[in-house]
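[1] Give the three-dimensional model of this entry:
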Amino acid sequence: MANNSVCGIGIAYNSKIGGVRMLDGFVTDSVEAASLGLNPQHIDIYSASWGPDDNGQVVDGPGPLATEAFLNGIEKGRNGLGNIFVWASGNGGNAHDSCNCDGYTNSIYTLSVSSTSKNGLKPWYLEECSSTIATTYSSGAFGEPQIVTVDLRGTCTTSHTGTSASAPLAAGIVALALEANNELTWRDVQYITVLTARPEPMVDGEWTQNALGREVSLRYGYGLMDAAAMVKMAKIWTTLPEKHICEIASKDVQSVLSSNTIHKSILHVDGCQDTSSSIKFLEHVQAQISLHYSRRGDLRINLTSPNGTQSTLLPPRPNDWQAAGFNKWPFLSVHFWGESPQGEWVLEIENVQDHHHNNEGVLIEWKLILHGTAEYPVKLKDTKSTHNRNRDHIFNGSIETASMSSDSTVSQSNSSTPANKSLIVCHEQCANDCYGPSASECYACKHFRNGQNGPCVAFCSETSYGNPETGECYSCDSSCKTCSGPLPKHCQSCKDGHYLTENNVCSKICNDGFFIDQKEKRCKSCQSPCTTCESSAKNCTSCLQGYNLSNGLCIQTHKCDLNEYRIDDVCYPCFHLCATCNGPSSSQCNSCLANFVIKNGSCTPAPCSVGFYQDITGGRNSPICKRCHKYCMRCYGPSTLQCISCRPTYKMINKQCIKDSRLISCDEPDMCLNHTTKSRSFQKENEKTFIILSVLFSIFTLVLIAAVAIIYYAQSNNKLCWAYRYQKVVVLFDENTNRFLLTNGDSGDEDEEKFEIK
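    Presented below is the predicted three-dimensional model:
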């Protein structure tokens, strides 16, 4: 319920707010989809302050279910007008993250909002990206105020921070605009935000002008959201024309990306003219890119429109060390809003980290996805009146509004005339009607308006140019006298003291190879072989190599060979590894012989492929990479004894690559002989061992047989102690003598010896 007595005064008093609990457990694609698709006919605005990790390493976006929820909300929400998704751009600034790697803020369906401090400064957590549309206030540096809002358990807080606080403020401003005009579509809301945002409150926006003269920033989008201006424009806004989508695929596919060059890819675009997808006025521009790179965070990607507006799609992210890339990632830029798409678009991919000089990758494919309209998009309601007129000046133009009751009248000459009937003769530069007779009181201009609030004119002044899309005159660059656009390269003629260069830039001096034509106030090129000249193209002041300067003329001298350099018309040989040079030293090479690469003026051997080694000991025409021995995988010389590693099925034995004995073949005589000799030596050792063992076994057998024979013979002749039979001892009792008697003898003997026992 609306209640300005709780914690502070809100933005949209009559709006209602509710919360969706989704971050108190596992956040899955289905959880996100259920939250984004909750009751889309009842909810107008979804404010989201969440997304992927802001650690500068992640590239992630909505899953298939969440994406479907976005589409359903845009196409069917609010009875077909489309739900408005307001999104916090992210808090990864301290980790050098980019919100263009966040698929939620990088979506055309979200109104991505950044933050600025109370003092109009960049907060430490701010992420820079080309998908940010506008900005609201939030916390800043230590000591700067933070956001006041409601808190848990009926309390208030004065310490709400980050872009998480900016998104709800933006949602409140959008709610106020919808209260003024509840027929606004989701595209209308984004368009009004772009047109009314104000860049001037931010002092460190690093602003650039696009081709329409609008200030835009990677930090703040088009500037600070203006609630009053959005409400006023919402009241007189008419629905945008149908949106078209034009896709153009580049033929630049599978291109190598190296670390020491900027890869430029040019795409010629006609805006899908003469088709049902025709576009003349741009809204969102997406560059869908697939590439792979050895260190993704070292890349910077820029996109330049045919009108000269450059937008950084991906800044460097030093924490992103992934050896990965992007798979059909739709980098979004809103910096081309309102421009014409026709002409030459340039995509630039650059490695910005010099210390990672071995980076490499492949641009797999890319295409432009253009969103916009075929007809002029902004058509405001007619609010002209002759009573209570007031003018409300909006960003990048002026809109005149007036209010009066429907039954108001203006009296003239004692007669009543309906107030909606104009009684004023308009100036000839007015397009339709006016609220006064001067050229400054036109509702719309026939040709151009001189500045945002100036009069209507047939032609723009000398130091300005007319933009037919907006119908306004904009200032040229400060060096231009006349121009065709806002940038220095759009000059057509120059102010005094400046001269028009070959790039249509006005400069106080001309570059080398050009001279000043005082009559035409232009820099004109010198005639070859002059490298510099003065007053005329043929009045040389310096010459190409191989020419001598004589009285303003360049005279050709004796020509040296490619591998020679000149001193005072004498040719001297270059260092033996140089193909061309500017002196005798090994560090004065301009280019190198084959199989050498230049580094800091010196030629060093290029790396050899597998199976070859570097040889720089021969003459200048000898091959540099020589083949290793056929059994070596890597080596430092041609011999079999100079292998570093062996080819498959070979193994290193005694610093030499040989085949496994089971696979040996005599395809190399010396190898076969060596192996045969070793085999014979091994065989002899085995034979010697066998003989020794055989002799020992024979001796043991003979000894055993002899022992058995001796034992048998001794036993047969009772020569052994155990050959005698045992004797019995019998005890007898003699009753006559009452004594015991012992009988000694074999039980088989007839005679017995008897002993008396006393």
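
[2] Which parts of the stretch 301-450 of the chain are strands?
    For the stretch 301-450 of the chain, the strands defined by DSSP state E, counting those that start in this stretch cover 310-314, 325-333, 343-351, 360-373, 389-394, 397-402, 409-412, 415-418, 448-450.

[3] for the stretch 601-750 of the chain, what are the low-confidence residue spans?
    Along the stretch 601-750 of the chain, the parts satisfying pLDDT under 70 run over 616-623, 661-683, 718-735, 737-750.

[4] got the residue ranges for the helices in it?
    Assigned by DSSP state H, counting those that start in this stretch, the stretch 601-750 of the chain shows helices spanning 669-716.

[5] and stretch 558-570, how far out from the chain's middle?
    Averaging C-alpha positions (CA atoms, centre = their mean, to the nearest Å) puts stretch 558-570 47 Å from its chain's average.

[6] Pull out the buried residues from it.
    By neighbour count on 16 or more other CB atoms under 10 Å, the buried set for stretch 558-570 is 560, 563, 565. (C-beta placed from N, C-alpha, C; glycine too.)

[7] Redo the residues you listed as TSV? Include distance to Gly82 and secondary structure.
    Shown next, in TSV, are the buried residues of stretch 558-570 (distance: CB to CB, whole Å; DSSP: H, G, I helix; E, B strand; the rest coil):
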residue	distance to Gly82	secondary structure
Cys560	72	coil
Asn563	70	coil
Tyr565	70	strand
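
[8] separation between the residue lying closest to Glu472 once chain neighbours are set aside and Ala197?
    Residue nearest to Glu472 in three dimensions, not counting chain neighbours: Arg449, with 5.0 Å by CB to CB, 6 or more residues apart in numbering. Here the criterion is CB to CB, to the nearest Å. By it, Arg449 lies 20 Å from Ala197.

[9] ok, back up a step: wait, which of the buried residues of stretch 558-570 is closest to Glu360?
    Asn563 (31.0 Å; CB to CB).

[10] show me the contacts for that closest one.
    Listed by CB atoms under 8 Å, 6 or more residues apart in numbering, the contact set of Asn563 reads 573-574, 578-581.

[11] In PyMOL, how would I select the buried members of these?
    Here is the PyMOL command that selects the buried residues among the contacts of Asn563 (16+ other CB under 10 Å):
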select buried, resi 574+578+579+581
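
[12] how many neighbours does Ile108 have?
    21 (other CB atoms under 10 Å).

[13] ok, now which ones touch it?
    284, 286, 332, 371.

[14] Farthest pair within those?
    Among the contacts of Ile108, Leu332 and His371 lie farthest apart (CB to CB), at 9.7 Å.

[15] Give me the common contacts of those two.
    108, 284-286.

[16] can you count the residues close to the closest residue to Asp477 other than its chain neighbours?
    Excluding the flanking residues, the one nearest Asp477 by CB to CB, 6+ apart is Pro488, at 4.6 Å. Counted with other CB under 10 Å, the neighbours of Pro488 add up to 19.

[17] right, and Pro488 touches Ser479 too?
    Yes. Using CB atoms under 8 Å, Pro488 makes contact with Ser479 at a distance of 6.5 Å.

[18] how distant is stretch 704-722 from the center of its chain?
    101 Å.

[19] what's the answer for stretch 30-45, then?
    31 Å.

[20] oh, and call the first residue 617 from now on, that's how I've got it
    Got it, the first residue is 617 from now on, which makes the last one we talked about stretch 646-661.

[21] end-to-end on that stretch?
    One end of stretch 646-661 sits 20 Å from the other (CA to CA, to the nearest Å).
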